[in-house]
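1. Would you be able to build a 3D model of this:
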Amino acid sequence: MCDNVYQNLTMAELDFYHENGYVVASNVFPVVELSKIDREIDRIRDADGGDIHRNPGWVMSLGLRSEITRAFAQDERILSLVEEVVTPGIAIYSGKLTTKMPHAMDICHWHQDDAYYNDHVASETRMSVWIPLQDATLENGCLWVVPGSHKGGVVEHGSYGGQCPKSMGPPDMVAEGAIACPVKAGDMLLFSAELWHHSKENRTDQIRRAFIVSYQEATVPRGNGDQWKILRSA
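-> Take a look at the predicted model:
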């Protein structure tokens, strides 16, 4: 572990993560800083001339899009929280922005990130940080998770529509034990790349954005194209 003044997961939080596949870290970022990131994403999208992704408002390869987003994806406050999970060393696998537009009815069906990521490279400790730029609520499309589902490995995925091109079942699939994970702006949700998760529609008149970065151990020799970068050596 690096000597620093940044927040680390407590032993109780780390145990919760390993048992349930996710954990929420509170008060990681000041809201004013997230507002700066939000404005930078507006600038990136304006420079792109609008939506270039299949899902309105999404931005892929976000950590490569500007110095501001690159620095955020490599922020020591994040790395200090994941360093006991992602080991040995830490590398970026990929980064993106997911968006629920106002009154958008599209959902992202149940899926596991490694159903996508394993197509590029396998990892033992890969996980994601999900950072809401606005409060993520039941009404605007917060994540839902199935605690403990990361222990069963990656299951078969297919194409069922919605925001996610691959998912675990038809649109009416109900996952036993699923719970909602509302997260306030400034907090951060950490979850395993094998955790079952999904999100519902946005029933509000406000946008909901989440900055997502996926990390893996530095000993894995590649990631998702040129997004891969070793941040801490093994």
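2. ok, now which ones touch Ser149?
-> 21, 112, 175, 177, 194-196 (CB atoms under 8 Å, 6 or more residues apart in numbering). Where you see a C-beta, it was placed from the backbone N, CA and C, and this is true even at glycine.
3. One more: Tyr215?
-> Taking CB under 8 Å, 6+ apart, we find Tyr215 in contact with 82, 86, 90-93, 126-129, 231.
4. now Ile131
-> So Ile131 contacts 28-29, 34, 188-189, 210-213 (CB under 8 Å, 6+ apart).
5. For those, give me JSON lines that also has secondary structure, distance to Arg203 and pLDDT.
-> As requested, the contacts of Ile131 are exported to JSON lines (DSSP: H, G, I helix; E, B strand; the rest coil; distance: CB to CB, whole Å; pLDDT from 0 to 100):
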{"residue": "Val28", "secondary structure": "coil", "distance to Arg203": "27", "pLDDT": "97"}
{"residue": "Phe29", "secondary structure": "coil", "distance to Arg203": "26", "pLDDT": "97"}
{"residue": "Leu34", "secondary structure": "helix", "distance to Arg203": "22", "pLDDT": "97"}
{"residue": "Met188", "secondary structure": "strand", "distance to Arg203": "24", "pLDDT": "98"}
{"residue": "Leu189", "secondary structure": "strand", "distance to Arg203": "20", "pLDDT": "98"}
{"residue": "Ala210", "secondary structure": "strand", "distance to Arg203": "17", "pLDDT": "98"}
{"residue": "Phe211", "secondary structure": "strand", "distance to Arg203": "22", "pLDDT": "98"}
{"residue": "Ile212", "secondary structure": "strand", "distance to Arg203": "22", "pLDDT": "98"}
{"residue": "Val213", "secondary structure": "strand", "distance to Arg203": "27", "pLDDT": "98"}
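6. Of those residues, just say which sits nearest to Val59.
-> Phe211 (9.3 Å; CB to CB).
7. Identify the nearest residue to that closest one in space, disregarding sequence-adjacent positions?
-> Of all residues not flanking Phe211 in the chain, Ile131 sits nearest, at 4.5 Å (CB to CB, 6 or more residues apart in numbering).
8. Quick one: mean pLDDT over whichever strand or helix holds the one you found.
-> Using DSSP states H and E, the element containing Ile131 is strand 127-132. The average of the pLDDT scores along strand 127-132 is 98.
9. got a list of contacts for the helix or strand just after it?
-> Proceeding N to C from strand 127-132, the next assigned helix or strand is strand 143-145, under DSSP H and E. If you take CB under 8 Å, 6+ apart as the criterion, strand 143-145 is touched by 21-22, 130, 136, 175, 178-181, 183, 189, 191, 195-200.
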